[in-house]
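**Q** Show me how the following folds:
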Amino acid sequence: MKVIERYILRRTLAISAASLAWLLIIVWTTQVLNRLDLVTSSGQSAATFFSVAFLTLPSVVPVIMPFVIGIAVAQTLATMNADSELVVISAAGSPRSTIIRPILIIAILASVASFAINNTLEPYSRQKMRVILASANADLITTVLREGSFQKVVDGIFVQISQRLPNGELGGIFVVDSRDPNLKLAYRAERGATVERASGNILVMLDGEVQRQAANGDVSVIRFDSYAFDLSQFTNGDGKPTLYPKDRYLSELLNPDPNDKFFANNPQSFRAELHTRFSEWLYSIVFALIGIAVAGDARSFRETRLHPMVTTLTIGLLVRWAGFYASNEAETVPSYIYLLYAVPLGMIALCSWFIATHRVMELPTSWTERLVSQVQKMADSLGRLRLAVGRRA
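**A** Residues are numbered from 1 along each chain as shown. Sure thing, here's the model as predicted:
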(Lines give C-alpha, C1' and ligand atoms only; values in the text may rest on other atoms or scores of the structure.)
Protein backbone atom coordinates (compact mmCIF):
# COMPACT_ATOMS: atom_id res chain seq x y z
CA MET A 1 0.00 0.00 0.00
CA LYS A 2 1.33 3.42 -0.98
CA VAL A 3 2.11 6.15 1.54
CA ILE A 4 -0.80 8.32 0.38
CA GLU A 5 -3.16 5.34 0.64
CA ARG A 6 -2.04 4.66 4.21
CA TYR A 7 -2.53 8.37 4.94
CA ILE A 8 -6.11 8.30 3.64
CA LEU A 9 -6.76 5.01 5.43
CA ARG A 10 -5.52 6.39 8.75
CA ARG A 11 -7.54 9.63 8.50
CA THR A 12 -10.73 7.82 7.51
CA LEU A 13 -10.32 5.29 10.30
CA ALA A 14 -9.81 8.04 12.88
CA ILE A 15 -12.95 9.91 11.81
CA SER A 16 -14.88 6.61 11.63
CA ALA A 17 -13.93 5.74 15.21
CA ALA A 18 -14.96 9.18 16.49
CA SER A 19 -18.23 9.13 14.54
CA LEU A 20 -19.03 5.62 15.72
CA ALA A 21 -18.48 6.60 19.35
CA TRP A 22 -20.71 9.69 19.20
CA LEU A 23 -23.50 8.11 17.16
CA LEU A 24 -23.43 5.03 19.36
CA ILE A 25 -23.82 7.16 22.48
CA ILE A 26 -26.70 9.16 20.99
CA VAL A 27 -28.67 6.23 19.52
CA TRP A 28 -27.96 3.92 22.45
CA THR A 29 -29.18 6.58 24.90
CA THR A 30 -32.52 6.83 23.09
CA GLN A 31 -32.87 3.04 23.17
CA VAL A 32 -32.02 2.90 26.88
CA LEU A 33 -34.61 5.55 27.74
CA ASN A 34 -37.28 3.35 26.15
CA ARG A 35 -36.43 0.66 28.74
CA LEU A 36 -36.84 2.86 31.82
CA ASP A 37 -40.27 1.32 32.38
CA LEU A 38 -38.49 -1.93 33.25
CA VAL A 39 -37.50 -0.30 36.54
CA THR A 40 -40.33 2.19 37.06
CA SER A 41 -43.22 -0.13 36.15
CA SER A 42 -41.91 -3.63 36.73
CA GLY A 43 -39.90 -2.96 39.85
CA GLN A 44 -36.75 -4.63 38.56
CA SER A 45 -33.32 -3.81 39.97
CA ALA A 46 -30.86 -1.35 38.45
CA ALA A 47 -28.61 -4.30 37.57
CA THR A 48 -31.38 -5.77 35.41
CA PHE A 49 -31.93 -2.41 33.72
CA PHE A 50 -28.24 -1.99 32.88
CA SER A 51 -28.08 -5.59 31.63
CA VAL A 52 -30.92 -4.87 29.20
CA ALA A 53 -29.27 -1.57 28.22
CA PHE A 54 -25.99 -3.33 27.47
CA LEU A 55 -27.77 -6.00 25.42
CA THR A 56 -29.23 -3.34 23.09
CA LEU A 57 -25.76 -2.36 21.83
CA PRO A 58 -25.33 -5.13 19.20
CA SER A 59 -28.61 -4.17 17.53
CA VAL A 60 -27.57 -0.50 17.31
CA VAL A 61 -24.14 -0.93 15.70
CA PRO A 62 -25.23 -2.38 12.30
CA VAL A 63 -27.85 0.36 11.89
CA ILE A 64 -25.44 3.27 12.41
CA MET A 65 -22.42 1.70 10.68
CA PRO A 66 -23.31 2.94 7.15
CA PHE A 67 -23.82 6.48 8.46
CA VAL A 68 -20.46 6.29 10.26
CA ILE A 69 -18.76 5.33 6.99
CA GLY A 70 -20.58 8.06 5.07
CA ILE A 71 -19.57 10.73 7.59
CA ALA A 72 -15.95 9.54 7.65
CA VAL A 73 -15.55 9.40 3.86
CA ALA A 74 -17.25 12.73 3.18
CA GLN A 75 -15.36 14.55 5.94
CA THR A 76 -11.98 13.06 4.96
CA LEU A 77 -12.33 13.92 1.27
CA ALA A 78 -13.82 17.36 1.98
CA THR A 79 -10.94 18.23 4.30
CA MET A 80 -8.36 16.96 1.81
CA ASN A 81 -10.05 19.00 -0.92
CA ALA A 82 -10.06 22.15 1.23
CA ASP A 83 -6.35 21.65 1.97
CA SER A 84 -5.66 21.16 -1.79
CA GLU A 85 -4.40 17.64 -1.12
CA LEU A 86 -6.68 16.12 -3.76
CA VAL A 87 -5.34 18.63 -6.29
CA VAL A 88 -1.76 17.67 -5.47
CA ILE A 89 -2.55 13.94 -5.72
CA SER A 90 -4.19 14.48 -9.11
CA ALA A 91 -1.36 16.72 -10.37
CA ALA A 92 1.20 14.11 -9.33
CA GLY A 93 -0.38 11.69 -11.78
CA SER A 94 -1.83 9.30 -9.19
CA PRO A 95 -4.87 7.37 -10.39
CA ARG A 96 -8.23 7.77 -8.67
CA SER A 97 -7.82 4.26 -7.30
CA THR A 98 -5.27 5.74 -4.90
CA ILE A 99 -8.16 7.50 -3.14
CA ILE A 100 -10.81 4.85 -3.70
CA ARG A 101 -8.85 1.76 -2.58
CA PRO A 102 -8.29 2.62 1.14
CA ILE A 103 -11.87 3.85 1.49
CA LEU A 104 -13.28 0.64 0.00
CA ILE A 105 -11.08 -1.43 2.30
CA ILE A 106 -12.64 0.30 5.32
CA ALA A 107 -16.15 -0.02 3.85
CA ILE A 108 -15.74 -3.74 3.15
CA LEU A 109 -14.40 -4.36 6.66
CA ALA A 110 -17.38 -2.44 8.10
CA SER A 111 -19.77 -4.49 5.94
CA VAL A 112 -18.24 -7.77 7.11
CA ALA A 113 -18.42 -6.60 10.73
CA SER A 114 -22.08 -5.61 10.29
CA PHE A 115 -22.92 -9.00 8.79
CA ALA A 116 -21.14 -10.82 11.61
CA ILE A 117 -22.86 -8.76 14.33
CA ASN A 118 -26.26 -9.16 12.66
CA ASN A 119 -26.00 -12.93 12.65
CA THR A 120 -24.12 -13.69 15.88
CA LEU A 121 -24.08 -11.03 18.59
CA GLU A 122 -27.43 -9.43 17.79
CA PRO A 123 -29.53 -12.66 17.91
CA TYR A 124 -27.73 -13.68 21.09
CA SER A 125 -28.34 -10.33 22.80
CA ARG A 126 -31.96 -10.19 21.62
CA GLN A 127 -32.68 -13.66 22.99
CA LYS A 128 -31.04 -12.84 26.32
CA MET A 129 -33.07 -9.62 26.52
CA ARG A 130 -36.31 -11.48 25.72
CA VAL A 131 -35.59 -13.88 28.57
CA ILE A 132 -35.00 -11.01 31.01
CA LEU A 133 -38.18 -9.19 29.97
CA ALA A 134 -40.28 -12.36 30.04
CA SER A 135 -38.96 -13.24 33.48
CA ALA A 136 -39.78 -9.72 34.68
CA ASN A 137 -43.37 -10.16 33.50
CA ALA A 138 -43.65 -13.63 35.01
CA ASP A 139 -42.44 -12.36 38.39
CA LEU A 140 -44.67 -9.29 38.38
CA ILE A 141 -47.58 -10.74 40.38
CA THR A 142 -45.63 -13.02 42.67
CA THR A 143 -42.72 -10.82 43.74
CA VAL A 144 -42.89 -7.29 42.39
CA LEU A 145 -46.33 -5.86 43.23
CA ARG A 146 -46.21 -3.28 45.98
CA GLU A 147 -48.86 -3.19 48.66
CA GLY A 148 -51.53 -0.53 48.32
CA SER A 149 -50.71 0.60 44.77
CA PHE A 150 -52.07 -0.23 41.33
CA GLN A 151 -49.60 -1.91 39.01
CA LYS A 152 -49.93 -2.18 35.24
CA VAL A 153 -49.10 -5.71 34.10
CA VAL A 154 -49.84 -5.35 30.38
CA ASP A 155 -52.13 -3.03 28.43
CA GLY A 156 -55.58 -3.33 29.96
CA ILE A 157 -54.57 -5.32 33.08
CA PHE A 158 -54.14 -3.57 36.44
CA VAL A 159 -53.66 -5.30 39.79
CA GLN A 160 -53.67 -4.07 43.38
CA ILE A 161 -53.08 -5.96 46.62
CA SER A 162 -53.74 -4.49 50.06
CA GLN A 163 -51.28 -6.61 52.01
CA ARG A 164 -49.05 -9.66 51.96
CA LEU A 165 -49.98 -12.07 54.74
CA PRO A 166 -47.35 -13.99 56.76
CA ASN A 167 -48.44 -17.37 55.36
CA GLY A 168 -47.69 -16.25 51.80
CA GLU A 169 -51.28 -15.35 50.96
CA LEU A 170 -52.42 -12.00 49.54
CA GLY A 171 -55.06 -9.88 51.22
CA GLY A 172 -57.43 -7.42 49.53
CA ILE A 173 -56.98 -8.31 45.85
CA PHE A 174 -58.36 -6.05 43.13
CA VAL A 175 -57.92 -6.84 39.40
CA VAL A 176 -59.20 -4.73 36.48
CA ASP A 177 -59.35 -6.30 33.02
CA SER A 178 -60.27 -3.87 30.21
CA ARG A 179 -58.57 -5.58 27.27
CA ASP A 180 -61.90 -6.27 25.59
CA PRO A 181 -63.49 -2.91 24.63
CA ASN A 182 -66.94 -4.51 24.73
CA LEU A 183 -66.56 -6.01 28.20
CA LYS A 184 -64.90 -4.61 31.31
CA LEU A 185 -64.22 -6.89 34.27
CA ALA A 186 -63.37 -5.93 37.85
CA TYR A 187 -62.41 -8.67 40.32
CA ARG A 188 -62.36 -8.12 44.09
CA ALA A 189 -61.44 -10.75 46.65
CA GLU A 190 -60.80 -10.77 50.39
CA ARG A 191 -57.76 -12.97 50.05
CA GLY A 192 -55.94 -15.22 47.63
CA ALA A 193 -52.61 -16.70 46.56
CA THR A 194 -50.53 -17.44 43.48
CA VAL A 195 -50.15 -21.07 42.49
CA GLU A 196 -47.49 -22.40 40.15
CA ARG A 197 -48.28 -25.12 37.66
CA ALA A 198 -46.63 -26.55 34.55
CA SER A 199 -48.50 -24.32 32.10
CA GLY A 200 -47.89 -21.15 34.12
CA ASN A 201 -48.99 -19.24 37.21
CA ILE A 202 -52.59 -18.73 38.30
CA LEU A 203 -53.98 -16.28 40.82
CA VAL A 204 -56.53 -18.01 43.06
CA MET A 205 -58.97 -15.50 44.61
CA LEU A 206 -61.20 -16.46 47.55
CA ASP A 207 -64.41 -14.93 48.89
CA GLY A 208 -65.02 -12.17 46.38
CA GLU A 209 -67.04 -10.92 43.45
CA VAL A 210 -66.63 -9.98 39.80
CA GLN A 211 -68.37 -7.02 38.18
CA ARG A 212 -69.09 -7.29 34.44
CA GLN A 213 -69.88 -4.12 32.48
CA ALA A 214 -71.10 -4.67 28.91
CA ALA A 215 -70.74 -2.20 26.03
CA ASN A 216 -74.36 -1.04 26.47
CA GLY A 217 -73.68 -0.06 30.08
CA ASP A 218 -75.38 -3.02 31.77
CA VAL A 219 -73.60 -4.13 34.93
CA SER A 220 -73.85 -7.54 36.55
CA VAL A 221 -72.27 -8.71 39.80
CA ILE A 222 -71.37 -12.34 40.47
CA ARG A 223 -70.18 -13.50 43.87
CA PHE A 224 -67.78 -16.44 44.16
CA ASP A 225 -66.15 -18.52 46.86
CA SER A 226 -63.08 -19.17 44.71
CA TYR A 227 -61.95 -18.01 41.29
CA ALA A 228 -58.77 -18.82 39.34
CA PHE A 229 -57.34 -16.04 37.20
CA ASP A 230 -54.85 -17.31 34.59
CA LEU A 231 -51.67 -15.22 34.72
CA SER A 232 -49.88 -17.15 31.98
CA GLN A 233 -52.04 -15.54 29.28
CA PHE A 234 -50.05 -12.30 29.62
CA THR A 235 -46.81 -13.44 31.24
CA ASN A 236 -45.83 -16.17 28.76
CA GLY A 237 -46.44 -18.86 31.35
CA ASP A 238 -43.19 -19.76 33.06
CA GLY A 239 -41.29 -16.77 31.69
CA LYS A 240 -40.26 -18.31 28.37
CA PRO A 241 -39.97 -15.58 25.72
CA THR A 242 -41.56 -15.47 22.28
CA LEU A 243 -38.75 -15.23 19.70
CA TYR A 244 -39.40 -13.16 16.58
CA PRO A 245 -37.50 -13.48 13.26
CA LYS A 246 -35.07 -10.70 14.26
CA ASP A 247 -34.21 -12.74 17.37
CA ARG A 248 -33.19 -15.85 15.40
CA TYR A 249 -29.74 -16.98 14.32
CA LEU A 250 -28.99 -17.27 10.62
CA SER A 251 -29.14 -21.08 10.80
CA GLU A 252 -32.68 -20.85 12.21
CA LEU A 253 -33.75 -18.60 9.34
CA LEU A 254 -32.18 -20.86 6.73
CA ASN A 255 -33.72 -24.00 8.23
CA PRO A 256 -36.66 -23.00 10.45
CA ASP A 257 -38.32 -25.53 12.71
CA PRO A 258 -41.61 -26.59 11.06
CA ASN A 259 -43.08 -27.13 14.55
CA ASP A 260 -42.37 -23.51 15.53
CA LYS A 261 -45.77 -21.87 16.06
CA PHE A 262 -44.53 -18.40 15.10
CA PHE A 263 -43.02 -19.73 11.86
CA ALA A 264 -46.19 -21.68 11.07
CA ASN A 265 -48.25 -18.49 11.41
CA ASN A 266 -45.75 -16.09 9.78
CA PRO A 267 -43.53 -17.94 7.27
CA GLN A 268 -43.12 -14.85 5.09
CA SER A 269 -41.66 -12.85 7.97
CA PHE A 270 -38.86 -15.43 8.27
CA ARG A 271 -38.08 -15.19 4.55
CA ALA A 272 -38.13 -11.39 4.69
CA GLU A 273 -35.72 -11.35 7.64
CA LEU A 274 -33.39 -13.82 5.91
CA HIS A 275 -33.13 -11.68 2.76
CA THR A 276 -32.79 -8.53 4.88
CA ARG A 277 -29.75 -10.09 6.58
CA PHE A 278 -28.25 -10.90 3.16
CA SER A 279 -28.74 -7.36 1.82
CA GLU A 280 -28.25 -4.98 4.76
CA TRP A 281 -24.48 -5.52 5.02
CA LEU A 282 -24.06 -3.82 1.61
CA TYR A 283 -25.06 -0.38 2.89
CA SER A 284 -21.63 0.46 4.32
CA ILE A 285 -20.21 0.04 0.81
CA VAL A 286 -23.12 2.07 -0.60
CA PHE A 287 -22.47 5.01 1.74
CA ALA A 288 -18.72 4.89 1.01
CA LEU A 289 -19.34 5.07 -2.74
CA ILE A 290 -21.83 7.90 -2.26
CA GLY A 291 -19.16 9.83 -0.33
CA ILE A 292 -16.62 9.25 -3.10
CA ALA A 293 -19.12 10.24 -5.81
CA VAL A 294 -19.98 13.43 -3.91
CA ALA A 295 -16.56 14.57 -2.66
CA GLY A 296 -13.95 12.45 -4.45
CA ASP A 297 -13.03 15.02 -7.13
CA ALA A 298 -10.81 18.04 -6.57
CA ARG A 299 -12.99 21.13 -6.92
CA SER A 300 -13.71 24.46 -5.30
CA PHE A 301 -16.34 24.63 -2.58
CA ARG A 302 -17.69 27.71 -4.32
CA GLU A 303 -19.26 25.37 -6.86
CA THR A 304 -21.73 24.06 -4.29
CA ARG A 305 -23.89 25.55 -1.57
CA LEU A 306 -23.94 22.46 0.64
CA HIS A 307 -21.10 20.76 2.47
CA PRO A 308 -20.33 17.32 0.94
CA MET A 309 -21.19 15.64 4.25
CA VAL A 310 -24.73 17.06 4.15
CA THR A 311 -25.19 15.89 0.56
CA THR A 312 -23.77 12.43 1.34
CA LEU A 313 -25.96 11.90 4.39
CA THR A 314 -29.08 13.22 2.66
CA ILE A 315 -28.68 10.88 -0.31
CA GLY A 316 -27.68 8.02 1.98
CA LEU A 317 -30.69 8.60 4.22
CA LEU A 318 -33.05 8.40 1.23
CA VAL A 319 -31.43 5.15 0.09
CA ARG A 320 -31.52 3.69 3.60
CA TRP A 321 -35.18 4.66 3.98
CA ALA A 322 -35.96 2.79 0.76
CA GLY A 323 -34.23 -0.27 2.24
CA PHE A 324 -36.18 -0.06 5.49
CA TYR A 325 -39.43 0.36 3.55
CA ALA A 326 -38.70 -2.69 1.40
CA SER A 327 -37.83 -4.72 4.51
CA ASN A 328 -41.11 -3.84 6.23
CA GLU A 329 -43.23 -4.52 3.15
CA ALA A 330 -41.46 -7.81 2.43
CA GLU A 331 -42.93 -9.26 5.62
CA THR A 332 -46.33 -9.37 3.91
CA VAL A 333 -45.61 -8.96 0.17
CA PRO A 334 -43.05 -11.46 -1.21
CA SER A 335 -42.27 -9.37 -4.32
CA TYR A 336 -40.61 -6.69 -2.16
CA ILE A 337 -37.78 -9.15 -1.47
CA TYR A 338 -36.36 -8.24 -4.89
CA LEU A 339 -36.36 -4.58 -3.86
CA LEU A 340 -34.22 -5.47 -0.83
CA TYR A 341 -31.37 -6.28 -3.22
CA ALA A 342 -32.27 -3.78 -5.94
CA VAL A 343 -31.86 -0.74 -3.65
CA PRO A 344 -28.23 -1.27 -2.51
CA LEU A 345 -27.01 -2.94 -5.71
CA GLY A 346 -28.66 -0.30 -7.89
CA MET A 347 -27.10 2.50 -5.84
CA ILE A 348 -23.67 0.81 -6.05
CA ALA A 349 -24.01 0.69 -9.84
CA LEU A 350 -25.15 4.32 -10.01
CA CYS A 351 -22.31 5.57 -7.80
CA SER A 352 -19.79 3.52 -9.79
CA TRP A 353 -21.02 5.19 -12.97
CA PHE A 354 -20.64 8.66 -11.42
CA ILE A 355 -17.11 7.82 -10.26
CA ALA A 356 -16.05 6.22 -13.55
CA THR A 357 -17.31 9.16 -15.63
CA HIS A 358 -15.84 11.79 -13.24
CA ARG A 359 -19.28 13.23 -12.52
CA VAL A 360 -20.20 14.82 -9.21
CA MET A 361 -23.26 13.44 -7.43
CA GLU A 362 -25.38 16.30 -6.12
CA LEU A 363 -28.89 16.92 -4.89
CA PRO A 364 -31.36 18.61 -7.23
CA THR A 365 -31.01 22.39 -7.20
CA SER A 366 -34.53 22.90 -5.85
CA TRP A 367 -33.80 20.56 -2.93
CA THR A 368 -30.52 22.33 -2.21
CA GLU A 369 -32.09 25.78 -2.21
CA ARG A 370 -34.92 24.63 0.03
CA LEU A 371 -32.51 22.93 2.47
CA VAL A 372 -30.21 25.96 2.58
CA SER A 373 -33.22 28.21 3.17
CA GLN A 374 -34.40 26.10 6.10
CA VAL A 375 -30.92 26.00 7.62
CA GLN A 376 -30.62 29.77 7.27
CA LYS A 377 -33.99 30.27 8.97
CA MET A 378 -32.89 28.08 11.86
CA ALA A 379 -29.63 30.00 12.16
CA ASP A 380 -31.48 33.33 12.17
CA SER A 381 -33.89 32.06 14.83
CA LEU A 382 -31.02 30.90 17.03
CA GLY A 383 -29.31 34.26 16.56
CA ARG A 384 -32.42 36.16 17.66
CA LEU A 385 -32.81 33.82 20.63
CA ARG A 386 -29.22 34.49 21.75
CA LEU A 387 -29.78 38.25 21.49
CA ALA A 388 -33.00 38.01 23.50
CA VAL A 389 -31.32 35.93 26.20
CA GLY A 390 -28.37 38.32 26.28
CA ARG A 391 -30.59 41.35 26.78
CA ARG A 392 -32.53 39.71 29.63
CA ALA A 393 -29.30 38.70 31.32
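
**Q** Secondary structure element holding Val195?
**A** Per DSSP states H and E, Val195 falls inside strand 183-197.

**Q** Show me what that strand is packed against.
**A** strand 170-180, strand 200-214, strand 219-230 (3 or more CB pairs under 8 Å, 6 or more residues apart in numbering; DSSP states H and E). Heads up, the C-betas are built off the backbone N, CA and C, glycines and all.

**Q** now do 6 Å
**A** Here strand 183-197 touches strand 170-180, strand 200-214, going by 3 or more CB pairs under 6 Å, 6 or more residues apart in numbering; DSSP states H and E.

**Q** May I have the strands that pair with it, each with its orientation?
**A** Its sheet considered, strand 183-197 pairs with strand 170-180 (antiparallel), strand 200-214 (antiparallel) by DSSP bridges.

**Q** For it, which outside residues touch it?
**A** Residues outside strand 183-197 that contact it (CB atoms under 6 Å, 6 or more residues apart in numbering) are 141-142, 169-171, 173-178, 201-213.

**Q** Among the residues you listed, name the buried ones.
**A** 141-142, 170, 173-177, 201-206, 208, 210 (16 or more other CB atoms under 10 Å).

**Q** Next, find the distance separating Ala288 from Thr311.
**A** According to CB to CB, to the nearest Å, Ala288 stands 14 Å off from Thr311.

**Q** So if I had to pick from those two, which one is more boxed in?
**A** In this view Ala288 and Thr311 are compared by other CB atoms under 10 Å, and Ala288 has more residues nearby, 30 against 26.

**Q** Any buried residues in the helix or strand encompassing Val159, and which?
**A** If you go by DSSP H and E, Val159 is part of strand 157-164. Buried residues in strand 157-164, counted by 16+ other CB under 10 Å: 157, 159-161.

**Q** just checking, what packs against it?
**A** Against strand 157-164 (3+ CB pairs under 6 Å, 6+ apart) you get strand 151-154, strand 170-180.

**Q** quick check: angle from the longest one to strand 157-164?
**A** Read that as strand 170-180. 180 degrees (axes from the mean of the first three to the mean of the last three CA atoms, to 10 degrees).

**Q** mean confidence score for strand 170-180?
**A** For strand 170-180, mean pLDDT rounds to 83.

**Q** who touches that strand?
**A** Contacts of strand 170-180 (CB under 6 Å, 6+ apart): 156-163, 165, 184-189, 191-192, 205.

**Q** how near is Val310 to Ala295?
**A** 11 Å.

**Q** What of Ser220?
**A** Taking CB to CB, one finds Ser220 at 72 Å from Ala295.

**Q** and if you look at Glu5?
**A** 17 Å.

**Q** Which of those two has more residues huddled nearby?
**A** Legend: neighbour count by other CB under 10 Å for Glu5 and Ala295, higher for Ala295 (27 against 18).

**Q** from memory that one sits against Gln75, does it?
**A** No. At 8.7 Å, Ala295 does not count as touching Gln75 under the criterion of CB atoms under 6 Å.

**Q** Quick one: mean pLDDT for stretch 65-74?
**A** Here the average pLDDT along stretch 65-74 is 94.

**Q** now stretch 341-353
**A** Per-residue scores along stretch 341-353 average to 95.

**Q** what does it rub up against?
**A** Against stretch 341-353 from outside (CB under 6 Å, 6+ apart): 279, 282-283, 286, 289-290, 293, 319, 322-323.

**Q** And that stretch, what's buried?
**A** 343-344, 347-348, 350-351.

**Q** Of these, which is the nearest to Ser59?
**A** Pro344 (19.8 Å; CB to CB).

**Q** where does the stretch 101-250 of the chain have low pLDDT?
**A** Scanning the stretch 101-250 of the chain with the threshold set as pLDDT under 70 gives 133-150, 152-155, 168, 196-201, 231-241.

**Q** cutoff 90 now
**A** 126-208, 210-222, 224-247 (pLDDT under 90).

**Q** about what we covered before: just curious, which of the buried ones among the contacts of strand 183-197 is nearest to Asn328?
**A** Asp177 (32.3 Å).

**Q** Which strand residues bridge the closest one?
**A** Ile157, Leu185.
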